[in-house]
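Colleague: Curious how this folds, go ahead:
(chains A, B, C and D)
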Number of protein chains: 2
Amino acid sequence: MTNQKQIAQKLGISIATVSNALTGKGRVSANVIEQVLAHAKQMAYVPDAAGRALKTGRTGIIGLVIPDITQPVFPDFAEGIEAAADEYGYGVLIGNSRRMKDNQAKTINQLIQRGVDGLIIVPQRGTKIQALNVPFAVISTATDPSFTVVANHKQGGQLSAKSMLDIGHRKFVILGDDCHSPVENERIAGMVEELENVASYEVFWAQDEFPDLLAQHKQGVTAVLTVSDLLALRVITESSNLGLRCPKDLSVLGFDNLPLATAVRPTLTSIVPNTAELSKRSIEYLDAAIRRNVQLPPPSIVNMSIEFRESTAALTAKI
Amino acid sequence: MTNQKQIAQKLGISIATVSNALTGKGRVSANVIEQVLAHAKQMAYVPDAAGRALKTGRTGIIGLVIPDITQPVFPDFAEGIEAAADEYGYGVLIGNSRRMKDNQAKTINQLIQRGVDGLIIVPQRGTKIQALNVPFAVISTATDPSFTVVANHKQGGQLSAKSMLDIGHRKFVILGDDCHSPVENERIAGMVEELENVASYEVFWAQDEFPDLLAQHKQGVTAVLTVSDLLALRVITESSNLGLRCPKDLSVLGFDNLPLATAVRPTLTSIVPNTAELSKRSIEYLDAAIRRNVQLPPPSIVNMSIEFRESTAALTAKI
DNA sequence: ATAGACTGATTAAACGATTAATCAAATAGT
DNA sequence: ACTATTTGATTAATCGTTTAATCAGTCTAT
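Modeller: So this is what the prediction gives:
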């Protein structure tokens, strides 16, 4: 591995000058800069990360702490964070707690030991992030008061309901999976708020009781709002087994806009959380914190949008 | 941040002794070791990664280069690699080329610049990894001669076909998506090899022509072997729309054992690539290479297994 | 012509940890 | 009792880069 010393020796100049030429700081003649750059390229010089980090106190690496990369949505996060970090000149070290709750603290400590400049943390459900001795940003749910950036799950739920109201639906089934999940509860709260006093609905939790879709349809239900694409998929396949057609008999909405949403027939209409924006704001915040900027961006809330596909249809034929 | 110097001063001893006490090297009295350890803990000492890396030449970080973390299967990889790396004391820096082919080389260079000790590379389809100046392992397909570790896609295909032969099926549809994918071709080659001379089959590529499942079923086809869970899902939903029941009329096999395999009704029987084992072997190899062990483990091939679920059934009722 | 300003480069210290070389004191061996 | 050996600790160098302080010239202005 070539270092600045070797370049300096070859050109008969000092190491400091080489460093200055390479970084563009200090005072160096145009002539020398050119020579240094040429030799650096020719000798395949790559600045040593450790040496630089030791002197500057910055590694240029941030840690991303997530509960489970295996779970859909998190890869999207990882990608978004990685992309945003890249833009700001950071690399991303992943810390995956792998579904083990007690692992989160350990993961965080490991990342700190590895010298990260800061952390982006998506906390395990129901955990609290205590103060750390590195800057960090928390991506969480609105119910967590310590968040830095959150996705607006409630608004997503509202959007889900509103979109179906707009095209004529009036009788709904709302389907969650796990009634202890804050995310799911926020989404459903949004749906309920939107439908209240305007339409009729019933809420089910799949983990406890999967609704009898045929019976519901007989009673006039025309749309099922779910809290995830996986659930929506299950609704479609189950109802199809019962002889119900989607979207003719039943419009079904998903959430999260996973890759499978476009792989299924009918393709899934889904609420899309803007992970790219979420990631961008998190990195923006973290970068400011790392650089000790006085003015940190305030906590921000990112709204969701909707992607209409084949699994939903307007309620006109029924009239 | 506390460093060894501060501990040394507080105890009135030299920095070298502190270092020796902490690392267990050199000669230090039990008494002093105890004191140093106690103070280190009390002062919340964390060894500085940069300082250590600079001196030892090792960062303890490896880079994982993947084409697209958004695509199913890759998160499983990321998790497997992270877990295995953790076991060997490494952290994982992710490098996601984000589907941009020309990004791969850039990603690799960035990781090298960040001082990784080695790389695990899952190459973009059809790319070649030229020699690098860090140790690396390549996880690829069997057709790529430079691989270090590969999943045995062909055997997976064979397993898929054999499992259905075993339970009485004799007339098959084999369904791929993209006829240019080496992975898919290997899987299908395995299926074909197993069925040749023993059963009848027809191969379709969904991107070109999706089979008429109703017609196929009329002609006696009872099982559809696909190269991915997404395709299997599509087969199930499409056939359901045609009035075919799964698995009563049609057994459907997926591939990769994605999360959605258990979210769908019927749940999907799927071929599962052993990503944990794949990851373990890759890290094992890379660690040996990094430590410049003379005997590198030979390239290895990891077999797949099958997970039976609701989408397949024995062909007994038909007799 | 001379003081002052500017230019281009060098010196040397520093970051934090590791480690070979060294040294003093204590212990063991004959 | 005197030499070896062992033990416990220190010194000083080193990894590669950055950067404040310094210095020797050159140029400008009066």
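Colleague: Would you tell me which residues of the stretch 1-150 of chain A are close to chain B?
Modeller: A:1, A:46-51, A:53-54, A:59-61, A:68-72, A:74-76, A:78-79, A:82-83, A:86, A:91-94, A:96, A:98, A:110-115, A:133 (CB under 8 Å from any CB of the partner chain). Using the backbone N, CA and C atoms, a C-beta is placed for each residue, glycine as well.
Colleague: Could I get the buried residue list for stretch A:137-145?
Modeller: A:137, A:138, A:139, A:140, A:141, A:142, A:144 (16 or more other CB atoms under 10 Å in any protein chain shown).
Colleague: could you give the mean pLDDT of that stretch?
Modeller: For stretch A:137-145, mean pLDDT is 85.
Colleague: Spell out which residues of chain A are next to DNA strand C.
Modeller: A:12-17, A:20, A:26-29, A:31-32, A:54-55, A:57 (CB under 7 Å from any atom of the strand).
Colleague: residue ranges with poor pLDDT in the stretch 201-319 of chain A?
Modeller: Low-confidence segments of the stretch 201-319 of chain A (pLDDT under 70): A:294, A:317-319.
Colleague: Walk me through the domains of chain A.
Modeller: Using automatic domain parsing, the domain parsing of chain A gives A:4-47, A:61-151+A:275-302, A:153-273.
Colleague: and of the ones you listed, who's closest to residue B:266?
Modeller: domain A:153-273 (7.5 Å; CB to CB).
Colleague: So for the closest one, first residue to last residue, what's the gap.
Modeller: By CA to CA, to the nearest Å, the extent of domain A:153-273 from end to end equals 8 Å.
Colleague: How far off centre is that domain?
Modeller: 22 Å (CA atoms, centre = their mean, to the nearest Å).
Colleague: could you list every residue that touches the residue most central in space within chain A?
Modeller: Geometric centre of chain A, nearest residue: residue A:77, 3.1 Å, by CA atoms, centre = their mean. Contact analysis of residue A:77 by CB atoms under 8 Å, 6 or more residues apart in numbering or on different chains lists A:64, A:66, A:122, A:139, A:275, A:278, A:279.
Colleague: In strands only, show me these.
Modeller: A:64, A:66, A:139 (DSSP state E).
Colleague: these two touch, right, the last one and residue A:119?
Modeller: By that I understand residue A:139. No - between residue A:139 and residue A:119 there is no contact under CB atoms under 8 Å: 10.9 Å.
Colleague: hang on, the earlier thing: of all the domains of chain A, which lies closest to residue B:180?
Modeller: domain A:153-273 (18.4 Å).
Colleague: touching chain B at all, that closest one?
Modeller: Yes - counting by CB under 8 Å from any CB, chain B has neighbours in domain A:153-273: A:230-231, A:233-234, A:236-238, A:240-241, A:245, A:259-260, A:263-266.
Colleague: Going by neighbour count, which of those are buried?
Modeller: For the residues of domain A:153-273 next to chain B, a burial check counting by 16+ other CB under 10 Å picks out A:230-231, A:233-234, A:236-238, A:240-241, A:259-260, A:263-266.
Colleague: Among the residues you listed, give me the pair with the biggest separation.
Modeller: With CB to CB as the measure, no two of these lie farther apart than A:241 and A:259, at 23.9 Å.
Colleague: Please list all residues in contact with residue A:174.
Modeller: Counting by CB under 8 Å, 6+ apart, the residues that residue A:174 touches are A:188, A:191, A:192, A:201, A:202, A:203, A:204, A:224, A:225, A:226.
Colleague: Tell me which of the residues you listed fall in strands.
Modeller: A:201, A:202, A:203, A:204, A:224, A:225, A:226.
Colleague: for the nearest residue to the third one once chain neighbours are set aside, helix, strand, or coil?
Modeller: Put plainly, it is residue A:203. Excluding its sequence neighbours, the residue lying closest to residue A:203 (CB to CB, 6 or more residues apart in numbering or on different chains) is residue A:174, at 4.6 Å. With DSSP: H, G, I helix; E, B strand; the rest coil as the basis, residue A:174 sits in strand.
Colleague: do the same with residue A:154
Modeller: Per three-state DSSP, the secondary structure class of residue A:154 is helix.
Colleague: That one and residue A:133: what is the separation?
Modeller: 34 Å (CB to CB, to the nearest Å).
Colleague: I figured residue A:60 hits residue A:88, correct?
Modeller: No - counting by CB under 8 Å, residue A:60 does not reach residue A:88; the two are 9.4 Å apart.
Colleague: For burial, what's the neighbour tally of residue A:308?
Modeller: Residue A:308 sits with 14 neighbouring residues when counted by other CB atoms under 10 Å in any protein chain shown.
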